[in-house]
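Novice: Sequence first, predicted model second:
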Amino acid sequence: MEVQISCENLKLGYGADVLVDGLSFTVGKGDYLCIVGENGAGKSTLLRTLLGLQKPLAGKITFGNGLRQNEIGYLPQRTFVQRDFPASVWEVVLSGCQGRCGLRPFYNREEKQIALRAMEQLEITALARTCYRDLSGGQQQRVLLARALCASDKMLVLDEPVSGLDPKMAETMYRLVERINRETGITVIMISHDIKEAIPYATHILHMGKEYFFGTAEEYHRSCFGNAFLSISFCGECPHCWGADCPVFFHAGRDAGIEALFLYRGRSVPRGFRGHGSGGGDGFYRRHAHYPSGHGILCYLTVAHGTEREDQRGRSHCHDFRGSSSANVSGDVCTTLFGSTSILTLTKMQVGMCGVLSAVVIGVFVLFYNKIFAVTFDENFARAAGTPVGTYNLMLAVLIAVIIVLAMNLVGSLLISALVIFPALSAMRVFSSFKSVILCSAVFSVVCAFVGIVLSILAGTPVGATVVMIDILAFAVFYGIGSLKNGGL
């Protein structure tokens, strides 16, 4: 067997919190490894360690058969940010080639062909120009799987790929992954909580928990682990089994769903799908249901108390302000908060700095556009592909900070957020791709700023406030256009 990954005596966790200890297994070329186990067993932590997103506390991971750590196609769990992200399917799939680009800022023809083949393989070519956020859950997972295929033709790592999908769509996804594994020979490592549905497609099983099992799918079916999790048929003799006589199902409260409780030699041993503890039924969940509410009240009281103290400090600060003769507080407060009352009050140096900085921002964004998109859409995937995520995040933070500081002279500190938010919100109402949203936001900002400055000069109104009012009116127009485009208000 050609071994691609070998793990020896792995110890995984976060600081003093050890989740996995003494884990050893191997993954061969073409294997389909399904990782199963209870919540909190360290399954996702293991995947993050294999991808290099975190380091093991102890043990050794060896890559072989020409596989490098940044050559693994990763399908992470979907995030809330992705669900509303303005990006086309083509942009998302093509971003999977970031690991192939290296320091090169643009994709070449070969990488675009790889993205096209991945989309054809997953039958999503017709969705290329569709916005990712407008897709169903199953379609989104196909898009992310196509992106993972762009990243590697050697190994796929899938973290709960059917999470949030209905049973029919989940089965379709399992069959799709199995077909890719069988036809292309690519190795698959997949985490799944849907054990009965996922295991039939796997060649090997890694069961994680207080004790570990690693072997073929056939061996797993014959083991006590397989008996416990697949058929709930317990041998009663093996120390690994819970020796349950029968499962008992009962309702565990209004919002708790259905809980399974197994009887073990007369003792209540919870083996449920939600929560933990040996309390019974409604009372158990009713007691615990108070905790979030109590915590919320505590947080509310803490915030309220803190707000009161802040208010007292604020009043004290205002008192000091009124009695202070410092140069920092003796100036025009309106100019600080709302910007210059006239564009003509800005010095030539300030205008020049704004112009130079605008050119720098545009140049940097164009040069690193693909990197910025990959990091913004899915930071974990970009990091797993070898992209220096921290460097690009720092670059963006510095550029934004400098822009805000310089722009405060024109629009004031209170109106900066409006000028940052309105262009993007407006563009997202009409356009579906990341590039279109960025270009529209830039044009939107320039046009609204120009119109606002001209009106402020003609009407004698503060520049910042006038520009923001134009932004609001333009946003209303884009909102109406987007509503019509999407089929009505």
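Specialist: Nice, thanks for sending it over. In this text, all values refer to a predicted model and were calculated from it rather than measured experimentally.

Novice: can you give me how far stretch 354-373 is from the chain middle?
Specialist: 24 Å (C-alpha atoms, centre = their mean, to the nearest Å).

Novice: Roughly how far does the residue positioned nearest the centre of the chain sit from residue 348?
Specialist: Central residue of the chain (C-alpha atoms, centre = their mean): residue 79, 3.8 Å from the mean position. For residue 79, the distance to residue 348 (C-beta to C-beta, to the nearest Å) stands at 46 Å. Every residue, glycine included, has its C-beta placed from N, CA and C.

Novice: Next: residue 221.
Specialist: From residue 221 to residue 348 the distance is 79 Å (C-beta to C-beta).

Novice: which of those two has more neighbours?
Specialist: residue 221 (15 against 7; other C-beta atoms under 10 Å).

Novice: Can you report phi and psi for that one?
Specialist: phi -60, psi -30 (degrees, to the nearest 10).

Novice: Equivalent analysis for residue 62, please.
Specialist: phi -120, psi 130.

Novice: unless I'm mixing things up, it is touching residue 4, no?
Specialist: No. Residue 62 is beyond contact range of residue 4, at 9.6 Å (criterion: C-beta atoms under 8 Å).

Novice: Which one's more surrounded, the two?
Specialist: Using other C-beta under 10 Å as the criterion, residue 62 and residue 4 rank with residue 4 on top: 22 against 11.

Novice: Residues contacting the helix or strand where the more buried one lies, please?
Specialist: Counting by DSSP states H and E, the element that carries residue 4 is strand 3-14. The contact list for strand 3-14 (C-beta atoms under 8 Å, 6 or more residues apart in numbering) reads 18-29, 42, 45-46, 49-50, 56-65, 67, 154-155, 187.

Novice: if you set the cut-off to 6 Å instead, what comes out?
Specialist: For strand 3-14, the surrounding residues in contact (C-beta atoms under 6 Å, 6 or more residues apart in numbering) are 19-29, 42, 45, 49, 56-62, 64-65, 67, 187.

Novice: for stretch 160-179, same thing?
Specialist: Residues contacting stretch 160-179 (C-beta under 6 Å, 6+ apart): 75, 77, 137-138, 141, 191, 201.

Novice: Could you do stretch 416-431 as well?
Specialist: By C-beta under 6 Å, 6+ apart, stretch 416-431 touches 86, 404, 437, 440-441, 444-445, 468, 471, 475, 478-479, 481-482.

Novice: which two of the residues you listed lie the greatest distance from each other?
Specialist: Greatest spatial distance in those: 404 and 481, 29.1 Å, computed using C-beta to C-beta.

Novice: Now restrict the contacts of stretch 416-431 to buried residues only.
Specialist: By neighbour count, with 16 or more other C-beta atoms under 10 Å, the contacts of stretch 416-431 hold 86, 437, 440-441, 444-445, 468, 471, 475, 478, 482 as buried.

Novice: Helices - which of the residues you listed land there?
Specialist: 437, 440-441, 444-445, 468, 471, 475, 478, 482 (DSSP state H).

Novice: Make JSON lines from the residues you listed and add pLDDT to it.
Specialist: As requested, these are exported to JSON lines (pLDDT from 0 to 100):
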{"residue": "437", "pLDDT": "91"}
{"residue": "440", "pLDDT": "91"}
{"residue": "441", "pLDDT": "90"}
{"residue": "444", "pLDDT": "92"}
{"residue": "445", "pLDDT": "87"}
{"residue": "468", "pLDDT": "84"}
{"residue": "471", "pLDDT": "90"}
{"residue": "475", "pLDDT": "93"}
{"residue": "478", "pLDDT": "92"}
{"residue": "482", "pLDDT": "87"}
